[in-house]
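Enquirer: Need a 3D model of the sequence below.
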Amino acid sequence: MNTAPDGQYPIKNYCVFCSSSEIVDGQFFSVAETLGAEIAAAGGSLVYGGGHVGLMGQLARAVRAHGGGVIGVSIDMFEEMELSHAAVTELIVTRTMAERKQVMFDRADAFITLPGGFGTLDELSDVLTLKQLGFHTKPVVILNINGAYDMLLAQFETMIAQKFVRQSHRELFFATASIDDALAYLREYRPPKINNQWFKTDD
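Expert: Below you'll find the model as predicted:
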């Protein structure tokens, strides 16, 4: 993706990783709905896992209800289970989860992680690792709603303290509990200079 003349990234497609669970607390659904409305209000489109259930479905419905585009990326197995969302403006069906993640990565200008389970953590870890290694410079936001990622963020600090991760790699992502702060970060985002070399004692 090309940067704007002032060095900022133009963001059109917001890839959101989140839960497909229908039984999480209602506040998470409210946040997904608000985020979807804000993505549409910003003139953006949603890139997501394509499902109609859980936070995924709530998010997609909100984007569409407010006039935004929705790009769903599903897999054959989910299609057979009829999990895809009818509200998508574009549906891409892949054969494997790896292909699905690659399509989402390629279509995204920015990544936002809402609370979720193992699949959400897998997607977040993937984009952080690729950014750490220099394969992309796209912004990565962790929306830490109701402390859902407190322990994960603490684990990141432990990894830094024990020198498994560079201190400078805190710049790989932005964590916040506020949608407003997340969107402000994305509007002002400029790619940091990330040292993707193996760990050295001077960092």
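
Enquirer: Run through the protein and note the low-pLDDT ranges.
Expert: 1-8, 78-86, 196-203 (pLDDT under 70).

Enquirer: which residues of it fall in strands?
Expert: 13-17, 45-48, 69-75, 90-94, 110-113, 140-143, 174-176 (DSSP state E).

Enquirer: nearest to Asp25, of the ones you listed?
Expert: Ranking these by their distance to Asp25 (criterion: C-beta to C-beta) puts strand 140-143 first, at 14.5 Å. Heads up, the C-betas are built off the backbone N, CA and C, glycines and all.

Enquirer: Quick check: phi and psi on the closest residue to Leu130 other than its chain neighbours?
Expert: Here the nearest residue to Leu130 in space, its sequence neighbours aside, is His136; by C-beta to C-beta, 6 or more residues apart in numbering that works out to 5.6 Å. Here is the backbone geometry of His136 (degrees, to the nearest 10): phi -160, psi 170.

Enquirer: and His136, what is it in contact with?
Expert: Residues near His136 by C-beta atoms under 8 Å, 6 or more residues apart in numbering: Phe105, Val127, Leu130.

Enquirer: didn't the first one look like it was pressed against Thr129?
Expert: No - in this structure, Phe105 is not within contact of Thr129 by C-beta atoms under 8 Å, at 11.5 Å.

Enquirer: out of the two, which sits in the more crowded spot?
Expert: Counting neighbours by other C-beta atoms under 10 Å for Phe105 and for Thr129 shows that Phe105 has the greater number, 19 against 11.

Enquirer: Grab the nearest non-local neighbour of the more buried one.
Expert: Per C-beta to C-beta, 6+ apart, closest to Phe105 is Val127, 6.8 Å.

Enquirer: which residues of the protein fall in helices?
Expert: Taking DSSP state H, the helices of the chain run over residues 26-41, 54-65, 76-80, 97-107, 118-132, 150-161, 179-188.
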